[in-house]
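Enquirer: Got a sequence here, can you model it:
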Amino acid sequence: MATLSSSVSVQEPKARRGGGSDVPHFPGGGDDGRHGGDNSPDYGERLRRYRLGLAVGIAPIVMLFVAFTSAFIVRQGLPQWNATANAYLPDWVPVSIPTLLLSINTVLLLFSSWTMEMARRQAIRQLALAPIVAIPGIASDDQREVPWLSLTLALGLGFLAGQYLAWRALAARGVYVATSPSSSFVYLLTGAHAVHLAGGMIALLYAASTQWLHRPLEVRRIVVDVTAWYWHFMAILWLYVFALLLFA
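Expert: Numbering: from 1, shown residues only. Sure, this is the predicted structure:
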């Protein structure tokens, strides 16, 4: 078993070759945001820029669902002209959604959010241990690590499949998009969330490809981190949509 001597000299990490360009190594996850002495790329600052870009991208999604919510609530109390009664009458008919199936989908998505967080922490740990693993005689435990990204991808596919089954269940009850205003909103809210989640699935595939293609650890750390925060947002957004359909 390899041993480390008591006197270990720590040097400033230098840029490494990877993907055709110089890629520096930032210990501890790269959140310090400081440049190296060799003017190498600052991956800590790059990570912060990507997180800021994610926040800017999430803002219009939040505004979109706020608009959907406002229209949903206003439309419930908006009467329509009834020619038979010769008066304005409310036409909002509540939809009986498949609560059990949607609850199972919620559990799947929440569990996928946890596996995505494990993938993010795994990427941070791999980056932090990279200088130690590079020491001759120190073995890596990569083969014993759990494929958290693959698990998240499978759970995400399970959620989308569950949403499709929920729409099939609504159709079996005679509830379609054009059946009533309330049914239109059910399909609109769940469909809009599914589309944005599918975008997260594409990001997950890209994050997994950085590992399959053996991209530098710093790049993988950034991609997995940004993807994880978007995935967490999707889980929170679904909780909101589900609660809105149940209680509003």
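
Enquirer: What residues sit buried inside the helix or strand hosting residue 65?
Expert: Assigned by DSSP states H and E, residue 65 belongs to helix 43-76. Neighbour-count burial for helix 43-76 flags 43, 44, 45, 46, 47, 54, 58, 61, 65, 68, 69, 72 (criterion: 16 or more other CB atoms under 10 Å). Glycine gets a C-beta too; all of them are placed from N, C-alpha and C.

Enquirer: what is the mean pLDDT for that helix?
Expert: Regarding helix 43-76, the rounded mean pLDDT is 93.

Enquirer: by contact count, what packs against that helix?
Expert: Applying 3 or more CB pairs under 8 Å, 6 or more residues apart in numbering; DSSP states H and E, one finds that helix 43-76 makes contact with helix 181-212, helix 217-247.

Enquirer: swap the cut-off to 6 Å and go again
Expert: Under the contact definition 3 or more CB pairs under 6 Å, 6 or more residues apart in numbering; DSSP states H and E, helix 43-76 sits against helix 217-247.

Enquirer: and residue 143, what pLDDT?
Expert: So residue 143 comes in at 54 (pLDDT).

Enquirer: Could you do residue 134 as well?
Expert: 64.

Enquirer: Tell me the gap between the helix holding residue 65 and the middle of its chain.
Expert: On the basis of CA atoms, centre = their mean, to the nearest Å, helix 43-76 sits 13 Å off its chain's mean C-alpha point.

Enquirer: could you check the angle helix 181-212 makes with that helix?
Expert: Angle of helix 43-76 versus helix 181-212, following axes from the mean of the first three to the mean of the last three CA atoms, to 10 degrees, is 170 degrees.
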